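Asker: Predicted model and sequence follow; I will ask about them next.
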Amino acid sequence: MINEMKMKNVYKIELRSPNKISYDALASWLHEKGVCHRPVRGKFDTYWLSKYVQIELAVDSMYIGAKEKHRAWESALWVFDNLVVKEFMFSNIRQVKTDINNRYDDDGLDQIVYAKTRK
């Protein structure tokens with residue numbers, strides 16, 4: 001699951017591809033797409049996308065998190081719609097962690113959005 005993500009609201013994008021995806025390839029792919037990211041100090045695979053949003057890369061998925069719910073959802077959905085859907089048609093996105101006003105809320109955690117429905 002999430003190794004180093006410390007944000008309160010996190011979405012997971014699972015990349016479904018017939019080709020095996022490596023961590024380095026995923027980081028390079030994001031960079032090629034123009035997603036500027038810089039490492040979080042002291043973290044192995046977590047990056048800042050903006051002042052408020054972090055992304056953690058895994059072999060076949062990305063975790064996008066923010067302190068506020070709307071930023072996490074908007075950022076994750078932007079990455080999903082603009083980058084993932086076109087190249088990884090069988091991928092999906094779902095919320096894996098939410099904390100609103102210092103209260104854990106699992107409402108909606110079971111909802112999955114599939115790439116084929118976002119075209």
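Answerer: Sure thing, it's come through.
Asker: right, and the helix or strand after the lowest-mean-pLDDT helix or strand in the chain?
Answerer: None of the helices or strands of the chain scores lower by mean pLDDT, DSSP states H and E than strand 103-104, at a mean of 64. Following strand 103-104 in sequence order, the next helix or strand is strand 112-114 (DSSP states H and E).
Asker: Met89 and Gly34: what is the separation?
Answerer: 21 Å (CB to CB, to the nearest Å). Where C-beta positions appear, they are placed from N, C-alpha and C, glycine not excepted.
Asker: neighbour-wise, which of these two wins?
Answerer: Met89 (14 against 8; other CB atoms under 10 Å).
Asker: Next up, the contacts around the closest residue to that one other than its chain neighbours.
Answerer: Spatial nearest neighbour of Met89, chain neighbours left out: Ala115 (5.5 Å); criterion: CB to CB, 6 or more residues apart in numbering. Counting by CB atoms under 8 Å, 6 or more residues apart in numbering, Ala115 makes contact with Arg16, Phe80, Val84, Val85, Phe88, Met89, Phe90, Ser91, Asn92.
Asker: Out of the residues you listed, which sit inside strands?
Answerer: Asn92 (DSSP state E).
Asker: Would you format the contacts of Ala115 as TSV with pLDDT and distance to Thr46 included?
Answerer: Shown next, in TSV, are the contacts of Ala115 (pLDDT from 0 to 100; distance: CB to CB, whole Å):
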residue	pLDDT	distance to Thr46
Arg16	84	23
Phe80	88	19
Val84	86	19
Val85	85	24
Phe88	82	21
Met89	83	27
Phe90	87	26
Ser91	89	21
Asn92	91	22
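Asker: Quick check: ChimeraX command selecting the buried ones in the contacts of Ala115.
Answerer: Buried members of the contacts of Ala115 can be picked out in ChimeraX with the line below, counting by 16 or more other CB atoms under 10 Å:
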select :80,84,85,88,91,92
